[in-house]
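Colleague: My questions concern the predicted model and sequence given below.
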Amino acid sequence: MTRQAKTWLVIGAVFVALLVARGMIGQGLGRVYVKRTDVTVTLPDAAAVNSAAAGASSASASASTSASTTAVSAQATAPSITSTSLASGTTMSWQEWKQVPPLEFIAAQKENPAQTEITLSWPRTIGLWLAAFFTLAIFSFLYADNPFYKIAESLVVGVSAAYWGVIGFWDTLVPKMFGALTPGLVKSLVQPSLIAPEMLQQISMVFALILGVMMLWRLLPRGGWISAWPLAFIVGVTAGLKIVSHVESDLMAQAAATMKPLIVSVTDASGATNIWDSWWASVANVLLVTGVICCLAYFFFSVEHKGVVGGAARVGIWYLMITFGAAFGFTVMGRIALLAARVEFLFDDWLWLIDPNHLRGL
Amino acid sequence: MSAGNFNNTNASARSWFERLDRVDRRWIFLLMFLAVSGPILWIGVTGKTLPEAPTLAARAVFQEIDQLPARSLVLISFDYDPASAGELQPMATSLVRQCAAKNLRMVFIALWPLGSQVAQQTIQDVIRDDYPALKEGDDFVNMGYQAGNEAVMKLLLTDFAKAFPKDSRGEATSNIPILKDVKMASNFPLLISISAGYPGSKEWVQYVISAYNDKMNFVAGCTGVSAPQLYPYFPQQIAGLLGAIKGAAEYESMVNESLEVDGVATAPKYLQAQRRMGPQLVAHLLMVGLIIVGNVIFFARKRRGAA
């Protein structure tokens, strides 16, 4: 056994021992509880709803809640009723499971030890432990590369790829492409809430479909050049969109925002000049204008960086360095915030060492 | 001090420099973990947070929302996913809380696929739990995710219903009472974007605000990485800006202060950002210390090399 393998073994053994010890102290750790709610909905008479909806359309249901049963007398909008195939007066029932804090489970158990309304959720508890395991697996890379990290990394890559594939299909292809070309089929088979497209939208989607097929042509052994046409279209449209917006928001508006008076007079409510505020406002404007001019001088290569231009360019470098430092500081802050969130998850949700949200009454 | 002692001191200092120069970086990782976890445990146990002094950019966000008349429409774009929730969720929670407390009508949209779910979770945590009187469809609505990035923004300039034809429940936009008078983005006096990157606040400035700067105001909350790119837009194009968790903590403290009820402690879920400033402080002190030590070692080595 190598030294590194022995180290991993020791770290793992210590960690498991600590985990077991934690599990036997106090309230234990890492459990998720859910509360069951039985929901019953009776669809009202469509004609009555239509007349009610004429006054005020509302998609929400008015619910009357009892201890564990919610009887919903649906006051749905006319389109919702007409779009469903269920007959008026049909009653539907289902169970909803809502995550509740452990404190609620403890209180419910105290009141009635035989209660089954709030129970331990095994799927959510396993999910919590998996989340903790993968967080630690990713962190373990900081010590050294290892199989746990590889598993977590591969899983992230695989899940992300699959997720984006699903999103692309269900949020783009189905509603925008198939929904526009064959709205009836999509509405009846997969998306009953699909809004019927206008004629112009349907025509434009035919054009988009042709461009899409041309783009995929590059996968065929011959005629790969055909994919250059849709690519040219994308480049042209993107450039047109971006040039206009960049000129407006980043060139014109930013140039206007830089044209500031170097001496500012700040007056207070009584109309008197506030010397202190005026001084700082003036300093801020001078620093801003100087920074812009000096940074531009640094990137101006048509003239040799000597004399006044050289001096301005050197000041420009200082401004750039301060900007990079501020950007680095912000990046560090962001990364520490993410680390803090994960550590908080481990200590709070998983190990139950802290209870900042008073969910367990520690 | 004798010559012998002086030499010993020099040798011992040199050995310290050499040790620090060759220190295994994993010790630094461990130090960083302790710097972050120590304050989390301390704040988690004591419940104490650090005081915050709001800066101009955070105050501007609060004022932009505060000055709106009740029942004004606010468009809130959730342009992030759970990967950035550690940084952005606290500010999203506070933004929605202030809007709900001001009785503003909120329209949630998402340009990131998981933004819709994050918005739904925020609606559950803030509106449904603490403002149950607000009705979905009348006081707020989640329009869900729409693919297309800048194309969606451009479409919002001319036709809101085309950009978002239905809400996340499947209800047609034309049937939603809150959107009865909404034709285009300029019908919203305020746009709020909480973003973790592309598409996000920068694109909102470029494609919507540059066209509507005089018709609608814009405030943004962003991650630390994207904050330096957005500060140049403040205050002309972005009226208020919450940069990273620090901006979130400042804004959160202002919202909590404005909604404080005598004798009633603020709910812990509205203190997320302020809680996370504890680890920030200690971790930043550690970073500053490490940078100083690194520079001392660098110059000491340089001097020794020159000698």
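Modeller: Looks like it arrived, so ask away.

Colleague: Surely residue A:183 is in contact with residue A:196?
Modeller: Yes - Residue A:183 is within contact range of residue A:196, at 5.3 Å (criterion: Cβ atoms under 8 Å). In short, each C-beta sits where N, CA and C put it, glycine included.

Colleague: State the phi and psi torsions of residue B:102.
Modeller: Listed backbone geometry of residue B:102 is phi -80, psi 0, with angles given as degrees, to the nearest 10.

Colleague: That one contacts residue B:65, doesn't it?
Modeller: Yes - the pair residue B:102 and residue B:65 passes the contact test of Cβ under 8 Å, sitting 6.4 Å apart.

Colleague: These two: who's more crowded?
Modeller: residue B:65 (23 against 18; other Cβ atoms under 10 Å in any protein chain shown).

Colleague: quick one: that one from residue B:114, how far?
Modeller: Residue B:65 sits 25 Å away from residue B:114, going by Cβ to Cβ, to the nearest Å.

Colleague: Any buried residues in the helix or strand encompassing residue A:286, and which?
Modeller: Secondary structure assignment for residue A:286, by DSSP states H and E: helix A:275-298. Neighbour counts over helix A:275-298 (16 or more other Cβ atoms under 10 Å in any protein chain shown) mark A:281-282, A:285, A:291-292, A:294-295, A:297-298 as buried.

Colleague: hmm, who's touching that helix?
Modeller: Residues outside helix A:275-298 that contact it (Cβ atoms under 8 Å, 6 or more residues apart in numbering or on different chains) are A:258, A:260-266, A:305, A:309, A:312-313, A:315-317, A:319-320.

Colleague: any residue of the helix or strand following it up close to chain B?
Modeller: Moving toward the C-terminus from helix A:275-298, the next helix or strand (DSSP H and E) is helix A:307-344. Yes - residues of helix A:307-344 contacting chain B under Cβ under 8 Å from any Cβ of the partner chain: A:323, A:326-327, A:330-344.

Colleague: Which secondary structure state is assigned to whichever residue of the stretch 51-200 of chain A sits closest to chain B?
Modeller: Nearest residue of the stretch 51-200 of chain A to chain B: residue A:193, at 3.1 Å (Cβ to the nearest Cβ). The assignment at residue A:193 comes out as coil when based on DSSP: H, G, I helix; E, B strand; the rest coil.

Colleague: How about residue B:192?
Modeller: Taking three-state DSSP, the label given to residue B:192 is strand.

Colleague: from memory it sits against residue B:98, does it?
Modeller: No - under the contact definition of Cβ under 8 Å, residue B:192 does not touch residue B:98, with a separation of 10.0 Å.

Colleague: and for these two, which residues touch both?
Modeller: Taking Cβ under 8 Å, 6+ apart as the contact rule, residue B:192 and residue B:98 both touch residue B:65.

Colleague: Neighbour count: the two, which is higher?
Modeller: For the pair residue B:192 and residue B:98, the greater number of neighbours falls to residue B:192 (29 against 23), based on other Cβ under 10 Å.

Colleague: For the more buried one, give me its contacts.
Modeller: Counting by Cβ under 8 Å, 6+ apart, residue B:192 makes contact with B:65, B:74-77, B:95, B:218-221.

Colleague: what about 7 Å?
Modeller: Contact partners of residue B:192, counting by Cβ atoms under 7 Å, 6 or more residues apart in numbering or on different chains, are B:74, B:76-77, B:95, B:219.

Colleague: which one of residue A:183 and residue A:196 has more residues nearby?
Modeller: When residue A:183 and residue A:196 are compared on other Cβ under 10 Å, the one with more neighbours turns out to be residue A:183, at 18 against 12.

Colleague: contacting residues for that one?
Modeller: Residue A:183 makes contacts with A:194, A:196-197, as judged by Cβ under 7 Å, 6+ apart.

Colleague: Columns pLDDT and distance to residue B:155 on top of those residues, output as JSON lines?
Modeller: As requested, the contacts of residue A:183 are arranged in JSON lines below (pLDDT from 0 to 100; distance: Cβ to Cβ, whole Å):
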{"residue": "A:194", "pLDDT": "84", "distance to residue B:155": "18"}
{"residue": "A:196", "pLDDT": "81", "distance to residue B:155": "18"}
{"residue": "A:197", "pLDDT": "82", "distance to residue B:155": "14"}
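
Colleague: Can you lay out these as JSON lines showing distance to residue A:236?
Modeller: What follows is the contacts of residue A:183, written out as JSON lines (distance: Cβ to Cβ, whole Å):
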{"residue": "A:194", "distance to residue A:236": "31"}
{"residue": "A:196", "distance to residue A:236": "31"}
{"residue": "A:197", "distance to residue A:236": "25"}
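
Colleague: Which of the three states applies to residue B:28?
Modeller: With three-state DSSP as the basis, residue B:28 sits in helix.

Colleague: per-residue pLDDT, it?
Modeller: Per-residue confidence at residue B:28 stands at 94 (pLDDT).

Colleague: Tell me how many other residues surround it.
Modeller: Applying the criterion other Cβ under 10 Å, we find 14 residues in the vicinity of residue B:28.

Colleague: Do you have the strands of the chain handy? List them.
Modeller: You didn't pick a chain, so chain A it is. Shown for chain A, the strands assigned by DSSP state E span residues A:33-42, A:62-65, A:69-73, A:91-100, A:118-120.

Colleague: try chain B instead
Modeller: Going by DSSP E, chain B shows strands at B:73-79, B:105-110, B:140-145, B:190-195, B:217-222, B:240-243.

Colleague: Tell me which of these sits most buried.
Modeller: For the strands of chain B, average neighbour numbers computed from mean count of other Cβ atoms under 10 Å in any protein chain shown are highest in strand B:217-222, which has a mean of 28.

Colleague: Tell me which other helices or strands it touches.
Modeller: Other helices and strands packing on strand B:217-222, by 3 or more Cβ pairs under 7 Å, 6 or more residues apart in numbering or on different chains; DSSP states H and E, are helix B:56-66, helix B:85-101, strand B:190-195, helix B:201-204, strand B:240-243.

Colleague: can I get these in JSON lines with mean pLDDT?
Modeller: Rendered in JSON lines, the data for these read as follows (pLDDT from 0 to 100):
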{"stretch": "helix B:56-66", "mean pLDDT": "97"}
{"stretch": "helix B:85-101", "mean pLDDT": "96"}
{"stretch": "strand B:190-195", "mean pLDDT": "97"}
{"stretch": "helix B:201-204", "mean pLDDT": "96"}
{"stretch": "strand B:240-243", "mean pLDDT": "96"}
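
Colleague: remind me which residues of the chain are low pLDDT?
Modeller: I'll assume chain A. Regions of chain A meeting the criterion pLDDT under 70 cover residues A:45-86, A:362.

Colleague: I was after chain B.
Modeller: Counting by pLDDT under 70, chain B has low-confidence residues at B:1-11, B:13-14, B:306-307.

Colleague: The top helix by length along it near chain A anywhere?
Modeller: Among the elements of type helix in chain B, defined by DSSP state H, the one spanning the most residues is helix B:277-306. Yes - looking at helix B:277-306 against chain A by Cβ under 7 Å from any Cβ of the partner chain, the contacts come from B:279-280, B:283, B:287.

Colleague: Select from those residues the one having the most neighbours.
Modeller: Using other Cβ under 10 Å as the contact criterion, the top neighbour count among those goes to residue B:279, which has 27 neighbours.

Colleague: Please name the residues that touch that residue.
Modeller: Contacts were defined as Cβ under 7 Å, 6+ apart; by that measure residue B:279 touches A:336, A:340, B:36, B:39-40.

Colleague: likewise residue B:287?
Modeller: For residue B:287, the contacting residues are residue A:332, taking Cβ under 7 Å, 6+ apart as the criterion.
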